[in-house]
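Student: have a look; sequence and predicted model below, questions after that.
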Amino acid sequence: MATPIQTASISITPAAGEIVRDLLRQRNLDETYGLRVYISGRSCSGFQYGMGLENQPGETDTLFESEGTKIIVDEISIQYMAGASIDYVDDERGKGFMVDNPNAAPACSCESGSCGTDEN
């Protein structure tokens, strides 16, 4: 059974909560659904995140509630996302969800240590 719903650790802004609720309405999904958030990889610019709508949390998932939205996080991702905030931006760069994660300082993970440099 998933960890009971908590109101700490991962939060969602009002703008992001509104977008998630709109997506649920558009897809005719009920209140059992929430936003699954997970770390899908790491690049030179930090963690890469994945998201989806889901209503079947796993036994080891942790559930949060923020801005009237359920947030589902797997046991591995939660270790690296505690304290994160999810926002929705719509500006000149584009629109989409953005994760502000205090645990993810951008760092080069390339073997050469020369990420972002041109050494031709």
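Tutor: It's in.

Student: the helix ranked longest in the chain: which residues count as buried?
Tutor: Counting residues, the longest helix in the chain under DSSP state H turns out to be helix 14-26. Within helix 14-26, the residues that qualify as buried are 16-17, 19-20, 24, counting by 16 or more other Cβ atoms under 10 Å. The way it works is simple: take the backbone N, C-alpha and C, and place the C-beta from them, glycine included.

Student: so which helix or strand takes in the residue nearest to the spatial centre of the chain?
Tutor: By Cα atoms, centre = their mean, the chain has its centre lying nearest to Val37, at 3.8 Å. Here Val37 sits within strand 34-43, counting by DSSP states H and E.

Student: what lines up beside that strand in the sheet?
Tutor: Taking DSSP bridges as the criterion, strand 34-43 forms sheet pairs with strand 46-54 (antiparallel), strand 69-73 (parallel).

Student: what does the last one contact?
Tutor: Taking Cβ atoms under 8 Å, 6 or more residues apart in numbering as the criterion, the residues outside strand 69-73 that touch it are 2, 5, 10, 12, 16-17, 20-21, 33-38, 54, 57, 61-65, 81, 86.

Student: need the contact list for the residue nearest to the centre of the chain.
Tutor: 10, 49-51, 71-73, 77, 81, 86, 99.

Student: quick one on the thing from earlier: what's the angle from the longest helix of the chain to strand 34-43?
Tutor: Angle, helix 14-26 to strand 34-43, by axes from the mean of the first three to the mean of the last three Cα atoms, to 10 degrees: 120 degrees.

Student: now helix 14-26: mean pLDDT?
Tutor: The pLDDT scores in helix 14-26 average 95.
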